[in-house]
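Novice: any chance you could fold what I've pasted below:
(3 chains)
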Amino acid sequence: MTLLTIDGLQMYYRSEAGYVRAADDITLELERGQTLGLVGESGSGKTTIARSIIRLLPDNAEVVDGSIDFDGTDITELTDRELRNQIRWQEVSMIPQNAMNGFDPVYTVGQQIVQVIRHHEDGVSKADAKDRAKTLFDELGIDPDRVDDYPHQFSGGMAQRAMIALALCLEPRLILADEPTTALDVVIQDRILDTIKEMQAEYDSAMILITHDISVVSETSDRIAVCYGGRIVEQADAATIIKNPRHPYTLGLRNAFPDIGDSDEELISIPGTPPELVDPGEGCRFAPRCPFAEEECWDVTPEPEEYDDGHIVECHRADEADELRSLAEKRETWMDTDEATPTPAQGGDD
Amino acid sequence: MPLTSETEERSARADDAKLRLEGLDKHFAVNQGILSRILRGESSQYVHAVDDVSIEIAEGEAFGLAGESGCGKTTLGKTAIKLTEPTDGRIVFDGEDVTDLSSDDLKAFRREAQIIHQNPYDSINPRFTVYEWVEEPLIVHDIGTPEERKTRVLETLEMAGLEPPEAYAHEYPTELSGGERQRVGIARALVLEPSFLLADEPASMLDVSIRASILEVFERLQDDLGLTALYISHDLSLLKHICDRIGIMYLGELVEVGPADEIIDNPQHPYTQALVSSVPRLDPDVDRERIELVGEVPDAVDVPSGCRFHPRCPKLVPPEDVDLEQDVWRAVANLRRDLLEDDLALTGDETPAPEAIRAEYDVPDELSDPHVEEVLSEALETFVQSDDATFDRLRETLESPCERGSIPTYQATDVQRSQCLLHDPEGPHRAG
Amino acid sequence: MSLETSTADDDSLDRRKLRWQRRLEAVRNWASVLKEDRMGQTGIAILAVFFFVGVFARPIELSVGPVWATVQPFSLAPYEPGARVAGTGLQGPSWDHPLGTTALGRDVLSQLLVATRVTLIVGIIAAFMAVFIGANVGIISAYYGGWVDDILMRITDVVYGVPFLPFAIALVFIIGASLVNVIFAIVLILWRGTARVVRSQVLSHKQRPYVESARAIGASDVRIMYVQIMPNVLPLISLYAAFAVAWAVIAEASLSFLGLGPPGMISWGEMIYDVRSAGALREAWWWVFPPGIAIMLFVMSVFFIGRSLEKVVNPELRHTK
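Specialist: Numbering: from 1, shown residues only, chains lettered A, B, ... in the order given. Alright, predicted model coming up:
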C-alpha cells in the first residue's frame, strides 16, 4: 500500500540571482514499511526532497508546483500549524546527521523525549512517558538510567541512538534519516544501521535514508533513487541500481566509489563540477560532464522513462545502456569530455 | 614466540626503509599549564595517544594507517614528520635519526617530508591567494629568484591538476570549490619537491566523484615522482585501493600490519576482523558476516591492562583451566569485569537476584564448567555483602592471559604481523 | 615554461598591484558598510574637522640643526594662545573674542584650536603604542602558550588591577610631568585590553590547520605569528586602536585636569584645569564648555567610527539585509 506519493514537486529557493532549483520535477512513491535510499552528492537536492516532506526548510524555500501526498493528505496544502500538529514527528520524524545539534543542551535527553510524547499525545503522565523513554533506550541498547543524562554526556554513537529514540517515541509511519551515520566510525555505523532496521521492522515504519555512500543504501534499502542537480535521474529497486544502472551518472558514481569487496577495480572520477542550479536552462543537467552526451542532451531535458518494473531513468540514451555500461568501465571514456578540467569560473561545488 | 630476529631483520633492510619508527610513544598531559597544576593541585594524567608503535615504510611505498577516530593514527602520522614531538622512541628518516634535530636540520627535514590536511576549507590561510600560498614554502627556504619561483609555482599547480594555473593563481581560497582547494594544498606540499608525503584523510570531506580525482592525483604523483606516502584514513575500502600495506591501530597501539589486500581479505587480529566485517558491501548478493563488539572504545587516559582490546574482544582467551564455549566465556568475562568494577548495567533500581543479573548478561543459569560456575555464583551471592575474598577469587581464577603484561607482536602469517596472543606459535598460555 | 619571458620587474609590479587592489578592496568593503551607516559618517566628518583644526590651528615650524623651516604657514587661531590680548582678564564672548577670554586675558577660541593638536598627538601616539604592545603581548602569549603565556597573562592581570588615575598621579609625580611621561603613563595601562582580546583571537587561529601547514613547510615562529596569523587578527586590532585613541584622549584630559598635564602645552583637559584653578567654574561658562564639548565630540566621533569598523570585522552585526 502506498504511504507517500510525491508528484512533480518543484521546491525552489528564492535568491537574489533568481530561483535556485534545488528539487525539480520530483516524482516518488514509497510503500508502507519500505526503505528508499536517496543517493547523491552535496547540492544534488536529496536533503531538500526529504525535508520538504516535513517542511523543515529555510524561509526562502517555496513549493512552486507539485504535490506531496502522505496517506491521503496533500501536505503542501496544510498550514504550518496543521503540519506541526498532525504530521511532523507524529507521523513523520527525522534523524539528523549530527545528533548533538538535534538535542537542546540544557535539558536531559529523557526530559526532551517526555516533552515530545506529552506534546503530541493527550493524557500521558510524565511517569508513563518516562517509562516509555526507558523502554526505548533499553531496546536501542542504551542503559535506561541514562535518560537522566544531558546530551553532552553521551558519546557520538550513543547520542545518535538517543536521537533515534527521540525519532521513534511516537511510532511514526515514516522516518527521514539524513546521513544518520556519516559522522560515525564504521563499527558504530554498522550497529546504528542495524538498530534502525530492527526498530523500523518492529514499528512497520517506512524510511527515507539519505546518504552519499552507495554501499550503505545498497545494504539497507529496498529501492534507490539517484539525485543529480536537483533531479532524480534514476530510480529502481536496489539490486537493479547496483547491477544494471542505465544513467551515465550512476555509472560514473559506481566507478568513483571504492568498494571493499572488489579487489582490483580502478577508481575513475567524473570530470567537472556539479551544475549551477540558478536558471539551469533546458537540456540534461549532467550533459556537461557526461561522456556520452549528444546534441539532443544539451538542448532537450530528458523525460523520465520506465524500463522493466519500476526502473525509471531520465536519459536520452538509456536505451543503449548495455553498450554504455561497458564503455563506462574504461578510464579513457571519462577523459575526453569538453569540460574535463574545472575552471574557477564555474564556482563552488556546494 | 616474539620475533627475536626482528632487530637483525631491521638492520638488514635498513637501507631501503624511507621512514622507520621505533617504539614511538606520544602522551599528552590532560591538564596543561604549570600554574593551574600548582594552584588546583591536580596530578598529571596522560592521554596515551600513541604507545610503542614500530613501523617501517619502504622507499616509494604507499602505507595506510586505519582505525576508528581517537585511535591515535593522526597523532602517529604527525609525530612521524615531527609536527609534534614524540614522548619516547626513535624516528629514522632516510637512514638518519631525526628524533632530535637542531632547528637548521629540522628545516632541512621539512623540505623532505610534507603534509596534506584533511579539511580543504580550513587549511589555507584566507588572507593568501593561491599563488602566495603555494609560493610561501619557496620563500621560507629561500629557493630561487622571484622569476624562477613563479615558473615553479605554476608548474606545480598544473601538476596538482589546476589547469590552466594562471587562472587560479590570483584567486582567494574562498572562491574555490572543495576539490580545487585540496589541489591547492597538494601543490603547496609538492612545491618543495619532497620525497615523503603524509596525507591525513585527504579526501574525506569531498564528494565521491571529486574524491576519486584527488586520489588519481596522488597515484600519479607516486608513480611520476617516486614519492613515499603515508595515508591516514578511517575508510578501509579507500586504503585498500591506494595502499601497498596497511596498519591497523586501536587505542594508540598498532595491532596489525600487512599487505593491503591481505589485511582486508584475510585479517588476523580480532579487532581487524571486526573492523573489516562492519564495512558495508556494495554487491547486494554478498551477505557479510558481522562480528559484534562489546561496548565502545574506552577512554585513552585510563587504558585497559594487557591487550587494550581485551574488554571488547570476541576471541578473548580464557584461562587455561576454563572450559566454556567462546560466547559464554565472553559473557562471563563481561559480567566479571562489571562486578569487579562495581559497575553493573541493570534496569531496575533495587539489587536484583543473581538470576536476573545472569539474564541481563546472557550468562546461562548453569555453566558447563563447574569450577567457573562455583566462583561466579559465589560472587553473585555475596555481591550484596561485598565479600572481598570471593571477589579476589573471581579476579584471580578467571583472569584471561590477555589482561596481563604487555602483548608482543607475532608473525601471524608469512606477511602479516599481529599483536595478539592467539598468534603465539606456542599457544596463548605460554606467558605466565 | 611559456612564462619564462616575463621579467622579474613585471612580476613584482603585478604583485604590488595585487596588494594594492586588496587594500582597496578592504577600504571599499568598509565604505560600503559606511554608506548605510549614518553614525559612522557623522564620526568621520567630526574627526576630519578635528584633524583639519589640529594641522592648521597654528603654523608648524620644523628645525633641523640650525635650519628653520615653516612647513605649514596657515593659522586658524586669531591670536597667540599664550598672549594676553585683553587687559581686563575674564571677558564674555564678543566679536573680537567669540569664545571670550580667560582669567589672564587670553583668547579661549585660540586656546581651544591649538589644544586640538596636543590632544590629537597624545591620543594617537599613546593609543598606537598601547595597541602595538598589547597586540604583541597577545600574539606571543597565545602562540607560545605554556609558561610564556602564564607569565604574560599574569602581568596583564596585575595591570588590570591597577586603577589608572592613582597610578598615573604617582608616576607623573615621581618622573615629572612632560608630554612623554603623560603618554608613558597612559600606554602602561592602556595595552592590557588589546592584549587580552588579541590573545583570545590568536588562540582560535592557532588551532586552524593553516598554521600547522605553515609549520610543516618549516616557517619560523616569527613568520607564523606575523605573516600568517597577524593579517587575520588585524581588523580586530584596528578596531581596538580606534577605541584606544578615545580612551587615551580621556586619560590625557583627566591627567591635565588634575594639573599633571605636560607643562607649557595647552590641551583641552589643561584648559578645564585652568578654569578651576582660576576659581571661575561657576561664572565663565564660555571658558568651560568649549573644551568639555570638544572632548565629548572627539570621543563620540571615534566611537561612532569604531562601531562601523566593528560591523566590518563582524559581519553578523549588519542587520540591513
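
Novice: going forward, measure contacts between C-alpha atoms and count neighbours the same way
Specialist: OK.

Novice: OK, contacts around B:Asp52?
Specialist: Residues near B:Asp52 by CA atoms under 8 Å, 6 or more residues apart in numbering or on different chains: B:Glu22, B:Gly23, B:Leu24, B:Asp25, B:Gly89, B:Glu253.

Novice: let's see it at 6 Å
Specialist: Contact analysis of B:Asp52 by CA atoms under 6 Å, 6 or more residues apart in numbering or on different chains lists B:Gly23, B:Leu24, B:Asp25.

Novice: in which helix or strand would I find it?
Specialist: strand B:46-58 (DSSP states H and E).

Novice: ok, A:Cys169 - how many residues close by?
Specialist: Burial of A:Cys169 is recorded as 21 neighbouring residues (other CA atoms under 10 Å in any protein chain shown).

Novice: need the per-residue pLDDT for it.
Specialist: pLDDT, A:Cys169: 88.

Novice: residues touching whatever residue of the stretch 101-250 of chain A ends up closest to chain B, list them.
Specialist: Using CA to the nearest CA, the single residue of the stretch 101-250 of chain A nearest to chain B is A:Ser215, 4.2 Å away. By CA under 6 Å, 6+ apart, A:Ser215 lies in contact with B:Pro280, B:Arg281, B:Leu282.

Novice: can you classify it as helix, strand or coil?
Specialist: With DSSP: H, G, I helix; E, B strand; the rest coil as the basis, the three-state label of A:Ser215 is helix.

Novice: what's the nearest residue to it if we skip its chain neighbours?
Specialist: B:Leu282 (4.2 Å; CA to CA, 6 or more residues apart in numbering or on different chains).

Novice: now do the SS call for B:Cys307.
Specialist: coil.

Novice: can you tell me the closest non-neighbouring residue to C:Met153?
Specialist: According to CA to CA, 6+ apart, the nearest residue to C:Met153 is C:Ser141 (7.3 Å).

Novice: SS state for that neighbour?
Specialist: Assigned with three-state DSSP, C:Ser141 falls in the helix class.

Novice: ok, it - how many residues close by?
Specialist: 25.

Novice: then C:Leu99?
Specialist: Neighbours around C:Leu99, by other CA under 10 Å: 22.

Novice: angles on the backbone of it, please.
Specialist: Here is the backbone geometry of C:Leu99 (degrees, to the nearest 10): phi -110, psi 20.

Novice: is it in contact with C:Pro93, as I believe?
Specialist: Yes: assessed by CA atoms under 6 Å, C:Leu99 is found in contact with C:Pro93 at 4.7 Å.

Novice: I'd say the residue nearest to C:Met153 and C:Asp149 touch.
Specialist: Yes: using CA under 6 Å, C:Ser141 is in contact with C:Asp149, at 4.3 Å.

Novice: hmm, back to that, looking at the contacts of A:Ser215, which are in helices?
Specialist: Among the contacts of A:Ser215, no residue falls in helices (DSSP state H).

Novice: nearest to chain A, of these?
Specialist: Closest approach between the contacts of A:Ser215 and chain A, by CA to the nearest CA: B:Leu282, at 4.2 Å.

Novice: could I get the pLDDT score of that closest one?
Specialist: What the model reports for B:Leu282 is a pLDDT of 88.

Novice: same question, C:Thr7
Specialist: C:Thr7 carries a pLDDT value of 43.

Novice: count of neighbours near A:Leu277?
Specialist: 22.

Novice: and it, what does it touch?
Specialist: Applying CA under 6 Å, 6+ apart, the residues near A:Leu277 are A:Val20, A:Arg21.

Novice: residue of the stretch 101-250 of chain B closest to chain C, please.
Specialist: B:Ser123 (4.2 Å).

Novice: adjacent strands (with direction) for the strand holding B:Asp52?
Specialist: strand B:17-29 (antiparallel) (DSSP bridges).

Novice: can you list contacts of the partner strand?
Specialist: B:45-59, B:86-94.

Novice: for stretch A:106-121, same thing?
Specialist: Residues outside stretch A:106-121 that contact it (CA under 6 Å, 6+ apart): A:Val124, A:Ala129, A:Lys130, A:Val147, A:Asp148, A:Asp149, A:Tyr150, A:Leu166.
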